[in-house]
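**Q** give me a model of this one.
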Amino acid sequence: MSQHRVVLLLGSNLGDQKKNLELALHKISEAGNEISQTSDFLLTEPVEFVSSNIFCNIASVIFTHLSPIQLLDFIKNIEIEMGRIDDSKASGGYSDRIIDIDIIKYNNLIFKSERLEIPHQKHLFEREFSRILLKDFI
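**A** You can find the predicted model right below:
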């Protein structure tokens, strides 16, 4: 099985945000994925919804054997394990969250389904905080 280079973006605006991000990265690594790079933390205002809770965000490059859909299922399970209740795709909007993990790039794959779009267009082209975090990873 070959290793796939994946860029992830993680965010949290509930509880101890930095600890939430570190725990999510630990869970990713613990499952046999190699974390090769991680950005500095970046504090940002919520995007596309109103909240008084500031986000802490981080970008990471991992190497994984998982397919894109397997990886999506894996990170969604981490979000649920950590207490995330509403998924923005399912609820149709954004809200405060303990953890959010997005797949930004997966090798040079271009992929689109109902559940997943790679590369992640909003993070690459529309969100300023994402461009700041991803500048050294893309």
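
**Q** show me the strands in this structure, by range?
**A** Assigned by DSSP state E, the strands in the chain fall at 4-12, 34-38, 42-44, 55-64, 100-106, 111-112, 117-118.

**Q** of these, which approaches residue 134 most closely?
**A** The closest approach between residue 134 and any of these, judged by Cβ to Cβ, belongs to strand 55-64 at 5.4 Å. Where C-beta positions appear, they are placed from N, C-alpha and C, glycine not excepted.

**Q** can you spell out which helices and strands pack onto the closest one?
**A** If you count contacts as 3 or more Cβ pairs under 8 Å, 6 or more residues apart in numbering; DSSP states H and E, strand 55-64 packs onto strand 4-12, helix 17-30, strand 34-38, strand 42-44, helix 128-134.

**Q** so which of those is the most packed in?
**A** Ranked by average neighbour count under the criterion mean count of other Cβ atoms under 10 Å, those are headed by strand 4-12 at a mean of 23.

**Q** residue ranges with poor pLDDT in this structure?
**A** Applying pLDDT under 70 to the chain flags the ranges 1, 86-93.

**Q** tell me the spacing between residue 57 and residue 69.
**A** 24 Å (Cβ to Cβ, to the nearest Å).

**Q** the more surrounded of the two?
**A** The neighbour comparison of residue 57 against residue 69 (other Cβ atoms under 10 Å) goes to residue 57, with 23 against 12.

**Q** which residue packs closest to the more buried one, ignoring adjacent ones?
**A** Computed as Cβ to Cβ, 6 or more residues apart in numbering, the closest residue to residue 57 that is not its neighbour in sequence is residue 11, at 4.4 Å.

**Q** shouldn't that neighbour be in contact with residue 96?
**A** No: counting by Cβ atoms under 8 Å, residue 11 does not reach residue 96; the two are 10.7 Å apart.

**Q** name the residues of stretch 115-124 that are buried.
**A** Across stretch 115-124, burial judged by 16 or more other Cβ atoms under 10 Å covers 116, 118-120, 123-124.

**Q** now do the end-to-end distance for it.
**A** Using Cα to Cα, to the nearest Å, one end of stretch 115-124 lies 18 Å from the other.

**Q** how far is that stretch from where the chain is centred?
**A** 11 Å (Cα atoms, centre = their mean, to the nearest Å).
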